[in-house]
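Asker: 3D, please:
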Amino acid sequence: MSDPQAGTAPEVDAVLVGTGIMSATLCALLRRLQPDWSITVVERLDGAAAESSDPWNNAGTGHAGLCELFYTPELTDGSIDITKAVRVNEQFQVTRQFWAYAAESGMVSDVPGFLNSVPHVSFVQGARRVDYLRRRRAALAGNLLFAGSEWIDDADEFARRLPYMAVGRDFREPIALNWADDGTDVDFGALSRQLIGYGVRNGVAVLFGHEVSNLSRQRDGTWTLTIRNRRTAESRKLTARFVFVGAGGQALPLLQKSGITEARGFGGFPVGGRFLRSANSAIVGQHRAKVYGLPAPGAPGMTAAHLDTRIVNNKSWLSFGPFAGWSPKFLKHGRSSDLARSVTPGNLTTVLGAGVSQLELVRYLVGQLGLSQPARVRTLREFAPSAVDSDWELTTAGQRVQVIRRDRRRGGVLEFDTTVLAAADGSIAGLLGASPGASTAVSAMLGVLQRCFPARYQGWLPTLKEMVPSLGVTLSDEPALADELRTWTAKALQLGPGGNRS
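Answerer: Predicted coordinates for the structure are as follows:
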């Protein structure tokens with residue numbers, strides 16, 4: 001529906017909603033590609049990246065498929081499907097190249113402030129699971145992006161690498177590690193703020209404490225956004241030729257309001273997360289790795305437990321989880337009515353269909369919500385048998401809204417992935433979903449550019465290939481290029497050959 005007041009609204013080339021890693025990445029890309037464009041970023045909170053990209057609302061793994069076992073499921077015939085792990089790693093290599101370019105070109109100025117080397121490790125115990133991990137390793141062995149990992153099943157070597165996890169462990173039960181030395185810990189909040197800062201220094205306007213309350217398409221194809229100041233309750237209008245909705249859990253409601261056909265039928269289901277966290281230097285100093293296990297039976301892959309080194313504001317912590325929480329809010333700082341308001345006549349069948357098919361998930365969530373602190377620490381002791389309750393505090397992480405997509409057979413299906421929606425004319429796009437999310441932000445935003453600006457994309461390619469030299473290439477098939485880019489990015493990001501800080 002057209003807005004009769006649209007002619008009085010100031011016009012810009014692009015409006016980006018949200019200041020998390022997706023919008024921040026797109027902001028930096030557009031600013032580099034089109035320095036003459038007027039760009040406005042709208043953020044409902046008073047600071048950048050305070051929702052899903054905040055370091056304590058995000059696992060910060062720098063997902064590369066190196067250790068996340070839920071990316072390599074075992075099929076009914078006993079084979080291991082490595083498709084997603086390889087795809088995620090290829091996408092992370094694109095991200096790593098862009099970060100290297102950003103560091104060399106001054107788009108970001110404090111690489112250690114957001115990126116640190118932390119090994120990525122898969123951990124299993126029990127003969128059956130050790131066999132699975134061995135077959136997973138064999139399946140990935142032929143891919144050069146995974147060739148540097150190490151197999152560890154010796155108790156002494158386990159204790160040398162992961163002393164905190166070794167104390168009190170009964171090594172009579174078989175254990176195994178798949179150790180990737182070139183993993184990273186990423187503070188996506190710090191990175192987002194640096195990228196937004198680059199935009200601001202180069203003319204991007206950012207409206208903090210404002211939210212988009214409505215948007216409507218005009219006859220000329222532009223969009224008029226109603227933007228409300230959350231402090232004063234005053235509203236203004238802004239017209240944009242392009243809109244990107246990178247607002248985390250609020251992306252779905254805004255895309256629904258837009259009325260684009262591509263968003264019809266989609267629903268969302270919020271899942272919260274809680275973590276145990278420790279700053280006790282005595283144990284933090286005994287564990288420098290991100291160690292992932294297998295998900296519990298019947299639980300979503302993204303709930304696989306992991307014991308992580310986190311580096312936030314130059315301080316090292318340990319984090320363990322996730323433990324599922326639940327709230328009807330679509331954002332950590334959202335509204336309790338978010339879920340109910342997202343259900344419309346257009347997606348009711350989809351949402352109900354997904355609900356019927358996800359009874360296992362519902363049982364899992366109910367069980368998680370009833371966990372006591374001692375029960376959470378008992379779960380931690382499966383990783384670190386010597387864990388003491390008093391060393392750990394419970395923190396509440398961010399909300400993730402999982403995509404519910406139409407399914408002809410079941411009505412709707414819940415997906416634990418990242419989905420980009422874009423209008424056919426390219427005038428608006430948005431990102432839905434969660435994992436692997438932040439780590440693949442550059443690939444996702446390059447996809448937005450290609451889909452939404454097809455007439456300009458060819459002209460942008462030379463600059464884009466400066467930012468991402470492997471653009472359009474599958475690195476798994478190009479050993480020489482992969483080695484060259486690994487060396488370049490390691491130097492630009494101040495990482496040694498094994499991922500260690502130089």
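Asker: if I pick residue 146, what's in contact with it?
Answerer: 65-66, 85, 89, 140, 180 (Cβ atoms under 8 Å, 6 or more residues apart in numbering). Backbone N, C-alpha and C define where each C-beta goes, glycine included.
Asker: so what's residue 475 up against?
Answerer: Counted by Cβ under 8 Å, 6+ apart, residue 475 has contacts 90, 93, 144-145, 481-482, 485.
Asker: can you redo the residues you listed as TSV with secondary structure?
Answerer: Formatted as TSV, the contacts of residue 475 follow (DSSP: H, G, I helix; E, B strand; the rest coil):
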residue	secondary structure
90	helix
93	helix
144	helix
145	helix
481	helix
482	helix
485	helix
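Asker: by neighbours, which of those residues wins?
Answerer: Counting neighbours by other Cβ atoms under 10 Å, residue 93 comes out on top of these with 23 neighbours.
Asker: and the strands in the stretch 301-450 of the chain, which stretches?
Answerer: 306-312, 315-325, 393-396, 400-407, 411-415, 418-422, 428-433 (DSSP state E, counting those that start in this stretch).
Asker: do you know how far the closest residue in space to residue 179 that isn't next to it in sequence is from residue 66?
Answerer: With sequence-adjacent residues excluded and distances taken as Cβ to Cβ, 6 or more residues apart in numbering, residue 179 is closest to residue 150, at 4.4 Å. The gap separating residue 150 from residue 66 is 11 Å, by Cβ to Cβ, to the nearest Å.
Asker: with neighbour numbers in mind, choose between the two.
Answerer: residue 66 (30 against 14).
Asker: where does that one land in three-state SS?
Answerer: Assignment for residue 66 (three-state DSSP): coil.
Asker: tell me the predicted confidence for it.
Answerer: On pLDDT, residue 66 comes in at 95.
Asker: can I assume it is in contact with residue 86?
Answerer: No. Here residue 66 lies out of contact with residue 86, judged by Cβ atoms under 8 Å, at a distance of 11.1 Å.
Asker: distance check, the spatially closest residue to residue 33 that is not a sequence neighbour against residue 182.
Answerer: Distance criterion Cβ to Cβ, 6+ apart; nearest residue to residue 33, sequence neighbours excluded, is residue 460 at 5.0 Å. Counting by Cβ to Cβ, the separation of residue 460 from residue 182 is 30 Å.
Asker: again with residue 85
Answerer: In this view, residue 85 and residue 182 are 15 Å apart by Cβ to Cβ.
Asker: the two - which one has more neighbours?
Answerer: Neighbour totals were compared for residue 85 and residue 182, and residue 85 leads with 27 against 22 (other Cβ under 10 Å).
Asker: tell me the secondary structure of the residue nearest to residue 398 when sequence neighbours are not counted, please.
Answerer: Of all residues not flanking residue 398 in the chain, residue 57 sits nearest, at 3.0 Å (Cβ to Cβ, 6+ apart). At residue 57 the chain is in coil, as set by three-state DSSP.
Asker: stretch 35-42: which residues count as buried?
Answerer: 38-42 (16 or more other Cβ atoms under 10 Å).
Asker: from those residues, which single one is nearest residue 281?
Answerer: Among the buried residues of stretch 35-42, residue 41 lies closest to residue 281 (Cβ to Cβ), at 38.3 Å.
Asker: which residues in the stretch 401-502 of the chain form helices?
Answerer: Ranges of helices in the stretch 401-502 of the chain, per DSSP state H, counting those that start in this stretch, are 441-452, 454-467, 479-492.
Asker: quick one, the first one and strand 418-422 angle?
Answerer: Between the axis of helix 441-452 and that of strand 418-422 there is an angle of 20 degrees, by axes from the mean of the first three to the mean of the last three Cα atoms, to 10 degrees.
Asker: restricting to C-alpha, output helix 441-452 in CSV.
Answerer: Output in CSV follows, covering the C-alpha atoms of helix 441-452 (Å, rounded to 0.1, in the frame of the first residue of the first chain):
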residue,chain,number,x,y,z
ALA,A,441,28.0,-13.1,7.2
VAL,A,442,30.3,-12.1,4.3
SER,A,443,29.0,-14.8,2.0
ALA,A,444,25.5,-14.0,2.9
MET,A,445,25.9,-10.3,2.2
LEU,A,446,27.7,-10.9,-1.1
GLY,A,447,24.7,-13.0,-2.0
VAL,A,448,22.4,-10.1,-1.1
LEU,A,449,24.4,-7.8,-3.3
GLN,A,450,24.2,-10.2,-6.3
ARG,A,451,20.5,-10.8,-5.9
CYS,A,452,19.5,-7.2,-5.2
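Asker: who are the packing partners of it?
Answerer: Using 3 or more Cβ pairs under 8 Å, 6 or more residues apart in numbering; DSSP states H and E as the contact test, the elements touching helix 441-452 are helix 21-33, helix 83-105, strand 418-422, strand 428-433, helix 454-467.
Asker: ok now it, how far from the chain's centre?
Answerer: 15 Å (Cα atoms, centre = their mean, to the nearest Å).
Asker: and if you look at stretch 106-113?
Answerer: 20 Å.
Asker: and what of stretch 387-407?
Answerer: 13 Å.
Asker: and it, how far apart are its ends?
Answerer: 44 Å (Cα to Cα, to the nearest Å).
Asker: any chance you could list what contacts the helix or strand containing residue 213?
Answerer: Assigning secondary structure by DSSP states H and E places residue 213 in strand 210-217. Applying Cβ under 8 Å, 6+ apart, the contact partners of strand 210-217 are 1-3, 6, 15, 17, 42-44, 223-230, 235, 243, 247, 250, 254, 257-259, 427-428.
Asker: what residues of the host helix or strand of residue 282 count as buried?
Answerer: Assigned by DSSP H and E, residue 282 belongs to helix 281-284. Neighbour-count burial for helix 281-284 flags 283-284 (criterion: 16+ other Cβ under 10 Å).
Asker: just stretch 306-318 next, same as before
Answerer: Buried, per 16+ other Cβ under 10 Å, within stretch 306-318: 306-312, 316-318.
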